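Student: task: produce atomic coordinates for the following.
(one chain, ligands or ions: 2)
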Amino acid sequence: MSVQWFPGHMNKARREIENVMTQVDIVIEVLDARIPDSSQNPMLSQLRGDVPVLRLLNKKDLADQDRIENWLTHWQEQDSITAKPFSTLDKQDLANVKQWVAKLVPHRGSAEKPIRAMIAGIPNVGKSSLMNALLGRRVAKVGDEPAVTKAQQKLKVSPGFVLLDTPGILWPKIENPKASYRLAVTGAVRDTAIDYQDVATVGLEFFIEHYPEYVTTRYKFKKELGTVDQVLSIIGEKRGALRPGGVIDMHKAAEVFLHDVRSGAIGRYVMETPAMILEEERQVEVVKAAKEAKRQARLAAAVPQRQQRQNRTERTQVIPAESRKK
Ligand SMILES: Nc1nc2c(ncn2[C@@H]2O[C@H](COP(=O)(O)OP(=O)(O)OP(=O)(O)O)[C@@H](O)[C@H]2O)c(=O)[nH]1
Ligand SMILES: [Mg+2]
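Tutor: Numbering: from 1, shown residues only. Ligands and ions are numbered 1, 2, ... in the order given. Okay, the predicted model is just below:
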């Protein structure tokens, strides 16, 4: 999976979603329950305008339920957004989608005026799985193609509920370095420029701080967990990630650990809480403000220099011959 979001791609995806937005009554935004904030793209709220959204925190089978509840309350209070813990593997959840959607679009839902929904989300959150599961069959061509190039086809889930045949693919938020790491740790984004071992280090730091018991249990630690490097080398040792001479292969150890994290073998977790995100956003603002202050200072310093240069030019300017004659 490639997530090289160049500005051109982003603009194209945005335009396409913008176009189909006029044809839909509701957006079903699929998020990864393990990264409820980083798997969003804030652009969606702008793109959808007044179109209601149902937010599904997919892969709930891999997520820590208490933390999910936190997010549901937070969104309800902050933005009046309806969100549900969800799994495309859960029959009951799938059956509930129709009712959730109907509640948000009460004026439609008959065979003549079906609810038209678009599934949207960043790569790998489960958009195709959701579409196939709702329709009860594998829909052709629900790969990585961004939404709509031609006329949109609608696929019938039930007489009063149809889906656009292609999901709206959004790009992940890659401006916040911490969010990029979380996207990489969960496996939402694999082809990042971030070094594999760095990803594992950030992941392990997180688990040691937030879910130390998972690490202790999974890798059968008998004593206290040490530093990240120590823990990673013990994981390597225990899992036979060794190079000739008995040297621990840290890259292999990182692989073992990340595999356990991504598959959920380590335990059910959520990497972010509303409080954490608020704090990070505050920090981002502080950095931005500092950069802006620096820029302003540079501009202010440049003005007298420019003025001096201009004065010099004026003094040395030669008066053209024709004007001299007059
Ligand atoms: N554990 C778990 N895995 C899921 C769930 N739903 C989907 N997956 C897995 O998540 C991966 C991505 O699912 P897709 O449906 O291909 O995701 P997508 O959003 O269509 O991805 P792109 O087409 O790359 O944008 C697959 O390996 C799915 O099997 C779920 O509820 N739980
Ligand atoms: Mg897909």
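
Student: write out the residues of this protein neighbouring ligand 2.
Tutor: Contact residues, the chain versus ligand 2 (C-beta under 5 Å from the ion): 127-128. In this view, the C-beta of every residue, glycine as well, is placed from N, C-alpha and C.

Student: the helices in the chain, which residues?
Tutor: Ranges of helices within the chain are 7-21, 43-48, 65-79, 91-104, 127-135, 177-186, 196-210, 212-218, 228-238, 250-263, 274-316, 321-325, based on DSSP state H.

Student: those helices: which one's closest to ligand 1?
Tutor: Of all these, helix 127-135 sits nearest to ligand 1, with 3.3 Å by C-beta to the nearest ligand atom.

Student: residues of the closest one that come out buried?
Tutor: Within helix 127-135, the residues scored as buried using 16 or more other C-beta atoms under 10 Å are 127-131, 133-134.

Student: if we can go back for a sec, of all the helices of the chain, which one comes closest to Leu170?
Tutor: When the helices of the chain are compared for distance to Leu170 using C-beta to C-beta, the nearest one is helix 43-48, at 6.1 Å.

Student: point out where the stretch 51-200 of the chain drops to low pLDDT.
Tutor: 140-152, 190-193 (pLDDT under 70).

Student: so which residue of it comes closest to ligand 2?
Tutor: Ser128 (3.2 Å; C-beta to the ion).

Student: in this structure that residue contacts Ile169, no?
Tutor: No - the criterion here is C-beta atoms under 8 Å, and Ser128 misses it with Ile169 at 10.5 Å.

Student: next, count neighbours for Gln230.
Tutor: 10 (other C-beta atoms under 10 Å).

Student: try Gln308
Tutor: With other C-beta under 10 Å as criterion, Gln308 counts 10.

Student: do you know how far it is from ligand 2?
Tutor: Going from Gln308 to ligand 2 by C-beta to the ion, to the nearest Å gives 60 Å.

Student: mind listing what that residue touches?
Tutor: If a contact means C-beta atoms under 8 Å, 6 or more residues apart in numbering, then Gln308 has no contacts.

Student: do the same with Lys103
Tutor: Lys103 touches Thr82, counting by C-beta under 8 Å, 6+ apart.

Student: from Gln197, how far out is the most centrally placed residue in the chain?
Tutor: The chain has Ser39 as the residue nearest its centroid, 2.4 Å off, counting by C-alpha atoms, centre = their mean. Applying C-beta to C-beta, to the nearest Å, the value for Ser39 to Gln197 is 24 Å.

Student: and what of Arg239?
Tutor: For Arg239, the distance to Gln197 - C-beta to C-beta - is 15 Å.

Student: what is the neighbour count of Glu224?
Tutor: Neighbour number of Glu224 under other C-beta under 10 Å is 7.

Student: which positions in the chain make contact with ligand 1?
Tutor: 1, 58-59, 61-62, 87-89, 121, 123-129, 143-144, 169 (C-beta under 6 Å from any ligand atom).

Student: now which of these would you call buried?
Tutor: Of the residues of the chain next to ligand 1, these count as buried by 16+ other C-beta under 10 Å: 58-59, 62, 87-88, 121, 123-129, 169.

Student: closest to Glu213 among the residues you listed?
Tutor: Nearest member of those to Glu213, counting by C-beta to C-beta, is Leu62, at 16.9 Å.

Student: name the nearest residue to that closest one, sequence neighbours excluded.
Tutor: Gly264 (4.1 Å; C-beta to C-beta, 6 or more residues apart in numbering).

Student: state the phi and psi torsions of Ile81.
Tutor: Torsion angles at Ile81 (phi, psi; degrees, to the nearest 10) stand at phi -100, psi 130.

Student: quick one on the thing from earlier: from the helices of the chain, which stretch is densest packed?
Tutor: helix 177-186 (a mean of 22; mean count of other C-beta atoms under 10 Å).
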